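Trainee: no letters, just coordinates:
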Ligand code: IMP
Ligand code: MG
């Protein structure tokens, strides 16, 4: 029996997609399920042969050929994005979307982009997720099972998730966004997304019975970033990020990501309290210590990074079991729990 939930501790963009792909391959997961808000998310991962994968709707677990992918009923689905990824990644024979998922329409996207509050004050991604969720709550949204393009792939994802989690195979649940962007937990409302992004929210998004959850991997970005509005402790200027060669751009919007110089340990403690991690994936280590870029061997861990691992473990009470050192899927170091 096993179900691993992957969530982000801070403001997202920490490499959840890469961790999901890595874990799916490592453990030959039977099923990878997207949780989280919807297509406002953007995951990117580069395979070891140099293929850049960008995904907004489907979990990256499909990079393991034996893993089926699904979208939980709490996740908003954009039929165009769904169809695009189905085609690009060739997943028609191993994808399932919950028939109850609310559908994002072009009207939702236009409404969000025309909304000055969402675009300017919140810094929304302009992907229609907020308006679609509002329609879902008002019980007038369309659902995947009734949508001509989605219906052929629609089913009951909650049944699949709980069936696999209760078997001897693994289900991986990939959250989106980040804990501190959670609608009801953010200290910076309205600079938040349209739903919660915690481990409990991820379980809820896919309908996992909590008794079947075995691991929560909390992804911690060693050098945090934030896109959109709201405070970012230890923020450095865009010029400084450029100078250090750690500038980043959003997968969905292409916007430059605001970058921080270091982790805020109080916020990390708060995210730990909400998520209850059993393991930590510490990502973007190459931004923290460029000398470790692309390292794949524990012997390459520098004293500075050892110290960081110690601090993160002290705050979270969970072992760092994965270090991410670069863009490529294989640029990781696994550590014993
Ligand atoms: P919305 O969910 O598109 O309305 O965006 C609300 C806020 O959450 C904005 O600050 C976005 O930049 C941020 N946001 C939404 N999705 C993501 C994500 O996947 N990664 C990082 N930030 C996100
Ligand atoms: Mg939800």
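Mentor: That came in fine, so what should we check first? Because the structure is predicted, anything quoted here is derived from the model rather than measured. Numbering: from 1, shown residues only. Ligands and ions are numbered 1, 2, ... in the order given.

Trainee: can you give me the helices for the chain?
Mentor: 16-26, 79-89, 106-113, 116, 129-137, 157-166, 199-206, 238-243, 265-275, 285-288, 303-316 (DSSP state H).

Trainee: and the first one, is it in reach of ligand 1?
Mentor: Which is helix 16-26. No: applying CB under 6 Å from any ligand atom, one finds helix 16-26 separated from ligand 1 by no less than 8.9 Å. Using the backbone N, CA and C atoms, a C-beta is placed for each residue, glycine as well.

Trainee: from the chain's centroid, how far away is that helix?
Mentor: Remark: helix 16-26 is offset 11 Å from the chain centroid, using CA atoms, centre = their mean, to the nearest Å.

Trainee: do the last one as well
Mentor: Once both centres are worked out by CA atoms, centre = their mean, helix 303-316 turns out to sit 23 Å from its chain's centre.

Trainee: relative orientation of it and helix 265-275 in degrees?
Mentor: 50 degrees (axes from the mean of the first three to the mean of the last three CA atoms, to 10 degrees).

Trainee: can you check the second one too?
Mentor: Here helix 79-89 runs at 90 degrees with respect to helix 265-275, directions being taken by the same axes, to 10 degrees.

Trainee: how about the chain: which residue is closest to ligand 1?
Mentor: residue 228 (2.1 Å; CB to the nearest ligand atom).

Trainee: on that earlier part again, in CSV: the helices of the chain, plus distance to residue 172, mean neighbour count and mean pLDDT.
Mentor: Shown next, in CSV, are those (distance: least, CB to CB, whole Å; neighbours: other CB atoms under 10 Å; pLDDT from 0 to 100):
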stretch, distance to residue 172, mean neighbour count, mean pLDDT
helix 16-26, 6, 25, 96
helix 79-89, 16, 17, 98
helix 106-113, 28, 17, 98
helix 116, 38, 7, 97
helix 129-137, 22, 22, 98
helix 157-166, 10, 20, 98
helix 199-206, 10, 24, 98
helix 238-243, 31, 13, 94
helix 265-275, 16, 18, 98
helix 285-288, 22, 23, 97
helix 303-316, 20, 16, 98
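
Trainee: distance of the residue positioned nearest the centre of the chain from residue 197?
Mentor: In the chain, the residue lying closest to the centroid (CA atoms, centre = their mean) is residue 176, at 3.3 Å. To residue 197, residue 176 is 7 Å away according to CB to CB, to the nearest Å.

Trainee: ok, residue 310 next?
Mentor: Distance from residue 310 to residue 197, by CB to CB: 27 Å.

Trainee: for residue 176 and residue 197, list the residues in contact with both.
Mentor: 8, 12, 36-37 (CB atoms under 8 Å, 6 or more residues apart in numbering).

Trainee: which residues of the chain lie near ligand 2?
Mentor: 74, 195, 205 (CB under 5 Å from the ion).

Trainee: dump the residue contacts of the last one.
Mentor: Which is residue 205. Residue 205 neighbours (CB under 8 Å, 6+ apart): 35-36, 72-75, 173, 175, 195.

Trainee: list the contacts of residue 275.
Mentor: Going by CB under 8 Å, 6+ apart, the list of residues near residue 275 reads 7, 9, 179, 198-199, 216, 218.

Trainee: isn't residue 331 right next to residue 296, touching?
Mentor: Yes: in this structure residue 331 lies within contact range of residue 296 using CB atoms under 8 Å: 6.6 Å.

Trainee: higher neighbour count, those two?
Mentor: Per other CB atoms under 10 Å, whichever of residue 331 and residue 296 has more neighbours is residue 331, with 21 against 15.
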